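Undergrad: just coords:
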């Protein structure tokens, strides 16, 4: 039994299958960052830090000796608790497929948005710098109500990346309201705005809850790395006669290796 | 003659087929032995012989498993089926139904329900499809 203690949960095989299917499906919808950055791992729960290959000089413990301390980026553990009614799990065991998993769904959204925000906007308390914080290019302001400007803005961002020698393909992560507006819009001549943007980028436009504004970034690889110790897993916390308490958990670090490889776009005030 | 179990002329078969035939024949012999031991263990009234035969039978299971693993490493289709069905906890017919629907059954490795290699991971991993 590992630290997730799943074997202690009063959940049968069919119940676990329903929970895991639901979590997996929804996570893949929400996890926008993973659709755009490099992914390394999973390296295991025991993996504690990302090696940076750098050192800091420190005072030596004895004369005529030099000392350097290795620099590492510790992984952060993200955990989102949730509860499921035991009556629902009993029904799953009977073969019911319309199980009420509202608690799980909220936890999935919470942990996915936490991961997305960490990737795009950083997590200072966790020592992680996000893509928009690290980006060397100045933030671009756009009138979010004028969707007709989007092709020009995105093309300008792509051009800015190319001018710095950052190759494509490129992707666009955009907050849900902006994404919805884009897919609802056709340009003059009836050409869908979404298709036009994908053509400019050479890559996807990604619905990205947790992102503020939008981010154009290179997908060539080697610029942004999400390192995973334990990939998203479901663990057991406790249970009583009515509910089972579980949690979603992962351990991650994130690094921006090339600050020139992204442009942040925000709505003008 | 490699074996009396060959059903095609030897000159039409390559070395890989012959070796797999050897392993499959050996696997059949191991399972036959397990079956014989089972019957003899059940039939004997001598407790010490029952214990001796039980130990010998279980050693045949080790031999059978080792041979099956040799075959799995050389047969991708067998490997796929073993990965689908072994160590699952659902009824076997449900495992097949779920596999055909693209929903792998939960597995039990080491005594509990798990997903990816006994870790409990949901197996999400990287999701980037462009620019890999």
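TA: It's in. Keep in mind that this is a model prediction, so the values were computed, not measured.
Undergrad: rest of the way, CA atoms for contacts and neighbours
TA: Fine.
Undergrad: Which strand runs longest in chain A?
TA: Counting residues, the longest strand in chain A under DSSP state E turns out to be strand A:243-256.
Undergrad: For chain A, name the helix or strand with the lowest mean pLDDT.
TA: The helix or strand of chain A with the lowest confidence, counting by mean pLDDT, DSSP states H and E, is strand A:140-142 at a mean of 85.
Undergrad: all helices for the stretch 1-150 of chain A, in order.
TA: Along the stretch 1-150 of chain A, the segments classed as helices by DSSP state H, counting those that start in this stretch run A:13-30, A:86-93, A:102-121, A:131-134, A:150-163.
Undergrad: what comes up buried for the longest one?
TA: Pointing back at helix A:102-121 there. For helix A:102-121, a neighbour-count test (16 or more other Cα atoms under 10 Å in any protein chain shown) marks A:104-105, A:107-121 as buried.
Undergrad: Show me what it is packed up against.
TA: Helix A:102-121 is packed against helix A:13-30, strand A:76-85, helix A:131-134, strand A:243-256, with contacts defined by 3 or more Cα pairs under 8 Å, 6 or more residues apart in numbering or on different chains; DSSP states H and E.
Undergrad: where does the stretch 1-150 of chain A come near chain B, residue by residue?
TA: Counting by Cα under 8 Å from any Cα of the partner chain, the stretch 1-150 of chain A comes close to chain B at A:1-2, A:4, A:6-7, A:13-14, A:16-17, A:20-21, A:24, A:27-28, A:34-42.
Undergrad: Among those residues, the buried ones, what's the ChimeraX command?
TA: Under the burial definition 16+ other Cα under 10 Å, those of those that qualify are selected in ChimeraX by:
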select /A:1,4,6,7,13,14,16,17,20,24,27,28,34,35,36,37,38,39,40,42
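Undergrad: Point me to the residue of the stretch 51-200 of chain A nearest chain B.
TA: In the stretch 51-200 of chain A, the residue found nearest to chain B is residue A:169; the distance is 6.2 Å by Cα to the nearest Cα.
Undergrad: any chance of the helices of the stretch 1-150 of chain A in a markdown table, plus mean pLDDT?
TA: Formatted as a markdown table, the entries for the helices of the stretch 1-150 of chain A read as follows, by pLDDT from 0 to 100:
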| stretch | mean pLDDT |
| --- | --- |
| helix A:13-30 | 91 |
| helix A:86-93 | 90 |
| helix A:102-121 | 97 |
| helix A:131-134 | 96 |
| helix A:150-163 | 92 |
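Undergrad: quick one: which of the ones you listed is nearest residue B:26?
TA: Closest to residue B:26 of those, according to Cα to Cα: helix A:13-30, at 35.0 Å.
Undergrad: What angle do helix A:150-163 and the next helix or strand after the longest strand of chain A make with each other?
TA: Sequence-wise, the next helix or strand beyond strand A:243-256 is strand A:262-267, with elements assigned using DSSP states H and E. Computed with axes from the mean of the first three to the mean of the last three Cα atoms, to 10 degrees, the direction of strand A:262-267 lies at 160 degrees from that of helix A:150-163.
Undergrad: In the stretch 1-150 of chain A, what residue comes closest to chain B?
TA: The minimum distance from the stretch 1-150 of chain A to chain B, using Cα to the nearest Cα, falls at residue A:35 (4.0 Å).
Undergrad: residue contacts, that residue?
TA: By Cα atoms under 8 Å, 6 or more residues apart in numbering or on different chains, the residues touching residue A:35 are A:206, B:126-129.
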